[in-house]
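**Q** Fold the following and give me the result.
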Amino acid sequence: MAKFIFVTGGVVSGLGKGILAASLGRLLKERGLKVRNQKFDPYLNVDPGTMSPYQHGEVYVTADGAETDLDLGHYERFTNATLLASSSVSAGKVYHAVIERERRGDYLGSTVQIIPHITDEIKRNIYAMEHDDPDVIISEIGGTVGDIESQPFLEAIRQVRAERGAGNVLFLHLALVVEIPGSGEQKSKPVQHSVKQLLSLGIQPDIIVCRSSRPLEDSIRRKIALFGNVSEDCVIEDTDAASIYELPLRLRQEKLDDTICEKLSLPLDPPDLGKWEAMMDRITSLQGEVKIALVGKYTHLHDAYLSVSEALQHGGFANGCHVRIEWIESNELTPDNIEERLKDVDGILVPGGFGDRGIEGMILAADYARRKHIPYFGICLGMQIMVIAFARYVLGFRDANSTEFDEDTTHPVIAFLPEQTKALAKGGTMRLGEYPCVLQEGTLAAACYGEKEIGERHRHRYEFNNLYLQEMRSAGLVTSGLSPDGELVEICELPSEPWYLGCQFHPEFTSRPNKPQPLFCGFIRAAKEKRG
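**A** Numbers count the residues shown, from 1 in each chain. Model (predicted):
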């Protein structure tokens, strides 16, 4: 029977519950345990797929085609696990399932209520994680204790403890230790209040993790232990770090995993963190830097491109250099200022996105990279932008465009998902999740991967229009990655340039700090060579 760890947050949101849960997953995995992570979000959207990136950051896509919360990216990057749709559950998904059952008559005329029907559905999603017999399930409860939206989730996990027993369920609470501006004095009162809110809901935290800008004072640790009704060794400090990948090692120093294993009667063998420590040694010894322009439409919120920015850093780890991202809002780029904005960058990356805002600035950036021989990396929309720029400025089709942005273009080099591929799309009109790609020998893509066939995750509706395939090939564009049936262009590149490549999929979702994604490694290597 699996053990359950529930991670809650108090005082304010954005403290890093996801990174804490991911780090804990890494520590327990290195003890030889089989770990699964899960995220519950209190918003009423069924999933974040239709939410603005400014509202909730990036949409992370799982291998089975689920559009999920960005914390699943942290879980996968830290634990090297491949998570499924069941690892991301919103309140909207829960309510939707309950209402569908009510409409079918499954409740036999009963009055449908928060308790027991909503809480039962939440528990069903928790227990569903036991399907492949993990040793430990770590479930993060989104939001902040005290939020109205979170109450059904907190009631559900209280019931899980009652059903499975205290020795099989552990509550871990992350809260902020406030520092008074000016004096720098640490205050524990907000932490105490958040614990009291949990207690009022019938939940006694077993461990309190305290987020702070500097180490906890002994007096603060004692006070939190006293008023939180835990022992002092169950008050864990979580201070700011230069790299998020330090956190597993810091939590190990605090013996968080030892405490958890003791409370849940798990094996007490210490974790083997040698590879993680070696990775951190490489990170702390990076030399020099490359400057990458990330030209996107949501750059005012960096979480909108969280996996891309992390994958760029991973590429830096592999090449022994720091990566500095220059965040450039694409709708601010014009023919008059592009030289000034991009003249000193070592690489240009155009990430994914939807809608026509900022598209012309992206096209300018892709063409500028080609003309100035700057390494270019186009991801999903970024590949489509690369194709449009090539059609306009190499083939001379000045109105070339995607039908997403201009339905009346006379040169639709990017078009809506072809009829023959709709049956493949896991998302109805979208290709979502992992699909295979066959690489052409002797190409840049094949050199990066070192394999003939790969699998990468997609999230898009529009495709390369094969009506223009021969013309583009004749002009020098190489389609270096195709679907197994040869019908869909997955990767294209320009051999005439030092590094100029676009991919229709999202390679950032499969990048790990200790196993950087091959295309990001190649891109940063090319940027480093340009820097000299």
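**Q** for the stretch 401-532 of the chain, which spans come out with low pLDDT?
**A** Scanning the stretch 401-532 of the chain for pLDDT under 70 picks out 417-428.
**Q** low pLDDT regions in this protein?
**A** Applying pLDDT under 70 to the chain picks out residues 417-428.
**Q** show me the contacts for the residue nearest the centre of the chain.
**A** Nearest residue to the geometric centre of the chain (Cα atoms, centre = their mean): Gly73, 3.1 Å. Applying Cβ atoms under 8 Å, 6 or more residues apart in numbering, we find Gly73 in contact with Glu58, Tyr60, Leu306, Ser307, Glu310, Phe509. Yep, even glycine has a C-beta here, placed from its N, CA and C like the rest.
**Q** give me the element the fifth one is part of.
**A** Translated: Glu310. Here Glu310 is covered by helix 306-319, with elements defined by DSSP states H and E.
**Q** of the contacts of Gly73, closest to Leu256?
**A** Glu310 (23.2 Å; Cβ to Cβ).
**Q** I figured that closest one hits Glu508, correct?
**A** Yes - counting by Cβ atoms under 8 Å, Glu310 does reach Glu508; the two are 7.3 Å apart.
**Q** The two - which one has more neighbours?
**A** Higher neighbour count among Glu310 and Glu508: Glu508, with 29 against 21, using other Cβ atoms under 10 Å.
**Q** mind listing what the more buried one touches?
**A** Here Glu508 is in contact with Ser307, Val308, Glu310, Ala311, Pro351, Ile379, Gln517, Phe520 (Cβ under 8 Å, 6+ apart).
**Q** and Gly202, how many neighbours does it have?
**A** Using other Cβ under 10 Å, Gly202 has 13 neighbouring residues.
**Q** how far away is the spatially closest residue to it that is not a sequence neighbour from Gly10?
**A** Computed as Cβ to Cβ, 6 or more residues apart in numbering, the closest residue to Gly202 that is not its neighbour in sequence is Arg158, at 4.7 Å. As defined by Cβ to Cβ, to the nearest Å, Arg158 lies at a distance of 16 Å from Gly10.
**Q** again with Asn514
**A** Applying Cβ to Cβ, the value for Asn514 to Gly10 is 32 Å.
**Q** hang on, isn't Ala63 packed against Arg457?
**A** Yes - contact status for Ala63 versus Arg457: in contact at 6.3 Å, counting by Cβ under 8 Å.
**Q** more neighbours, these two?
**A** Arg457 (21 against 17).
**Q** That one bridge partners, please.
**A** Beta-bridge partners for Arg457, by DSSP bridges, are Glu434.
**Q** can you confirm His173 is in a helix?
**A** No - under DSSP: H, G, I helix; E, B strand; the rest coil, His173 falls outside any helix and is assigned strand.
**Q** Quick check: it touching Val11?
**A** No - in this structure, His173 is not within contact of Val11 by Cβ under 8 Å, at 10.2 Å.
**Q** These two: which has the busier surroundings?
**A** Taking neighbours as other Cβ under 10 Å, His173 and Val11 compare with His173 leading, 27 against 19.
**Q** got the buried residues for stretch 322-330?
**A** The neighbour-count check on stretch 322-330 (16 or more other Cβ atoms under 10 Å) flags Val323, Ile325, Glu326, Trp327, Ile328, Glu329, Ser330 as buried.
**Q** just stretch 478-489 next, same as before
**A** Across stretch 478-489, burial judged by 16+ other Cβ under 10 Å covers Val478, Thr479, Ser480, Gly481, Leu482, Ser483, Leu488, Val489.
**Q** so what's the fourth one up against?
**A** Residues touching Gly481, when contacts are defined by Cβ under 8 Å, 6+ apart, comprise Cys437, Val438, Leu439, Gln440, Ala445, Ile454, Val489, Glu490, Ile491, Cys492, Cys503.
**Q** So which of these are in strands?
**A** Among these, the subset assigned to strands under DSSP state E consists of Cys437, Val438, Leu439, Ile454, Val489, Glu490, Ile491, Cys492, Cys503.
**Q** Kindly indicate the member of those with the most neighbours.
**A** Neighbour-wise, the ones in strands among the contacts of Gly481 (other Cβ under 10 Å) top out at Ile491, 30 neighbours.
**Q** Give me the number of neighbouring residues for the closest residue to Leu519 other than its chain neighbours.
**A** Using Cβ to Cβ, 6+ apart and skipping the chain neighbours, the partner closest in space to Leu519 is Pro507 (4.9 Å). Residues lying near Pro507 (other Cβ under 10 Å) number 24.
**Q** quick revisit: give me the distance from the helix holding Glu310 to the chain's centre.
**A** Centroid displacement of helix 306-319 relative to its chain, using Cα atoms, centre = their mean, to the nearest Å, is 12 Å.
**Q** try stretch 88-106
**A** Relative to its parent chain, stretch 88-106 has a centroid offset of 26 Å by Cα atoms, centre = their mean.
**Q** Okay, buried residues for it please.
**A** Within stretch 88-106, the residues that count as buried by 16+ other Cβ under 10 Å are Ser88, Val89, Ser90, Ala91, Gly92, Lys93, Val94, Tyr95, Ala97, Val98.
**Q** Now render those as JSON lines, adding secondary structure and distance to Leu28.
**A** What follows is these, written out as JSON lines (DSSP: H, G, I helix; E, B strand; the rest coil; distance: Cβ to Cβ, whole Å):
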{"residue": "Ser88", "secondary structure": "strand", "distance to Leu28": "20"}
{"residue": "Val89", "secondary structure": "strand", "distance to Leu28": "21"}
{"residue": "Ser90", "secondary structure": "strand", "distance to Leu28": "25"}
{"residue": "Ala91", "secondary structure": "helix", "distance to Leu28": "27"}
{"residue": "Gly92", "secondary structure": "helix", "distance to Leu28": "30"}
{"residue": "Lys93", "secondary structure": "helix", "distance to Leu28": "26"}
{"residue": "Val94", "secondary structure": "helix", "distance to Leu28": "27"}
{"residue": "Tyr95", "secondary structure": "helix", "distance to Leu28": "32"}
{"residue": "Ala97", "secondary structure": "helix", "distance to Leu28": "30"}
{"residue": "Val98", "secondary structure": "helix", "distance to Leu28": "32"}
